[in-house]
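J.: Following is a predicted model, sequence given first.
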Amino acid sequence: MTHFTSVHTVGVPVTDQDRALEFYTKTLGFTLVADTPLPQLGGRWIVVAAPSGANLALTPATETGLDTGIRLGTPDAAATHQHLTDHKVTVGDLLSWPGIPPMFTFQDPDNNTLYTVQD
C-alpha cells in the first residue's frame, strides 16, 4: 500500500518572513499562494509557488543557514546564475560536466543553501 502520493510543501526556515517573501517572490519569481497569521508558529503561514506548482513554506525559525537539499529547475542555468549575481545573491560557481546538466548553489537571505539545475 502506498501511503504517500505527493509532496505538498517543502519548508524553508527563515528569521524574517517579510524579507524572505520579498526575496522568493521578487528575486526568484515565485508566486504568493498563502499568507495567513499563525501565532502558534510565532509568525505566519506563508507559501510561495514556482511556476511548475512546487510549493515552499517560509516558516519562522531561529536556526537557519541550512542545506535545504531543494533543487530548483531552470531552462538556462547560466542566465539564472547571472540574474542572481546581478541581484547581489551569494552564488556558487556554475558547474558543468559532459553529460550532466549545468548547476550551481545559492544562498537565500538566511544563508540557506538551495540548488539550481538546468532542465
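T.: It's in.
J.: centre of the chain versus the longest helix along the chain, how much separation?
T.: If you go by DSSP state H, the chain has its longest helix at helix 77-86. For helix 77-86, the distance between its averaged C-alpha position and the chain's averaged C-alpha position is 15 Å (CA atoms, centre = their mean, to the nearest Å).
J.: mean confidence score for it?
T.: Mean pLDDT, helix 77-86: 98.
J.: which secondary structure elements does the next helix or strand after it contact?
T.: Read in the C-terminal direction, the helix or strand following helix 77-86 is strand 95-97, with elements assigned using DSSP states H and E. The criterion is 3 or more CB pairs under 8 Å, 6 or more residues apart in numbering; DSSP states H and E, and the helices and strands that strand 95-97 contacts are strand 100-107. All C-beta spots, glycine's among them, are computed from the backbone N, C-alpha and C.
J.: tilt between the strand it packs on and helix 77-86?
T.: The directions of strand 100-107 and helix 77-86 differ by 10 degrees, with axes from the mean of the first three to the mean of the last three CA atoms, to 10 degrees as the criterion.
J.: Following the chain past strand 100-107, name the next helix or strand.
T.: The helix or strand immediately downstream of strand 100-107 is strand 113-118, counting by DSSP H and E.
J.: packing partners for that following strand?
T.: Counting contacts by 3+ CB pairs under 8 Å, 6+ apart, strand 113-118 packs against strand 67-74, helix 77-86, strand 100-107.
J.: which element follows the host helix or strand of V33 toward the C-terminus?
T.: In this structure, V33 is located in strand 31-38 according to DSSP H and E. Toward the C-terminal end, the helix or strand that comes next after strand 31-38 (DSSP H and E) is strand 43-49.
J.: who touches stretch 1-11?
T.: Counting by CB atoms under 8 Å, 6 or more residues apart in numbering, stretch 1-11 makes contact with 47, 54-57, 59, 68, 70, all of which sit outside it.
J.: Count the residues that sit near I46.
T.: Other residues within reach of I46 by the criterion other CB atoms under 10 Å amount to 24.
J.: Tabulate the helices and strands packed on strand 113-118 (a markdown table), appending distance to T31.
T.: Compiled in a markdown table, these are given as follows (distance: least, CB to CB, whole Å):
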| stretch | distance to T31 |
| --- | --- |
| strand 67-74 | 14 |
| helix 77-86 | 17 |
| strand 100-107 | 19 |
